[in-house]
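Enquirer: Next comes the sequence, and after it the predicted model I'd like to discuss.
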Amino acid sequence: MLKFLLDPANAITTCGLTFAVIGLYEVLGGHFELGIAAVIWSLLADHLDGIVAARTRNRDPDKGKIGKQLDSFTDLVSDAVFPAMLVLELNHGSPVSLVIAVILLVAGALRLSYFNSFGLSDGRFVGVPLSYDIPLLAVLHVSTIRVPRASGAVLVGIVIFSVGASALLASRGFI
């Protein structure tokens, strides 16, 4: 099995997994910035491995099959497990953070399972790939997209989340 790691794309994916695990280690040690920095390198590896795989001539199809599974597992760790653990650690394992962590993990696992089962549709992803989340959110924040004003149940949910999240974050400042 180790021979599959000699494939350049798979080696890059393995480096990405390593960075994701380092990120988890740092978050669990209370070094949130270092953890996030490590996971950013994992995200870079995730994009680079696909480019290398596509450009590798005469790539063994079995190495490609292993690479797809390894890539999916790495995505789950870096793009679902890591954010879930970050939320839990930042909020000292509060019940609200547990619910958010479970939602992140279930959504990530479902998204990856869907992609692994059905792949691309007309050359496009169905649903936003997990590794696009943070860059996509940054772009959306500064875009000219028009979003309707929150009202009704959406507004109530935003208020409850804001009060709860700000209370949790503020309480950390006093500890």
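Expert: Received the coordinates, thanks.
Enquirer: mind checking which helix or strand of this protein has the lowest mean pLDDT?
Expert: Across the helices and strands of the chain, the lowest-confidence element by mean pLDDT, DSSP states H and E is helix 133-141, at a mean of 67.
Enquirer: Who are the packing partners of the next helix or strand after that helix?
Expert: Where DSSP states H and E defines the elements, the next helix or strand beyond helix 133-141 is helix 152-173. Counting by 3 or more C-beta pairs under 8 Å, 6 or more residues apart in numbering; DSSP states H and E, the packing neighbours recorded for helix 152-173 are helix 95-118. Where C-beta positions appear, they are placed from N, C-alpha and C, glycine not excepted.
Enquirer: Just the buried positions in the helix it packs on, please.
Expert: Within helix 95-118, the residues that qualify as buried by neighbour count (16 or more other C-beta atoms under 10 Å) are 97, 100-101, 104-105, 108, 111-112, 115.
Enquirer: Quick check: closest non-adjacent residue to the residue nearest the centre of the chain.
Expert: For the chain, the residue whose C-alpha lies nearest the mean C-alpha position (C-alpha atoms, centre = their mean) is residue 79; its distance is 1.4 Å. Once its chain neighbours are removed from consideration, residue 79 has its nearest residue in residue 130; the separation is 3.4 Å (C-beta to C-beta, 6 or more residues apart in numbering).
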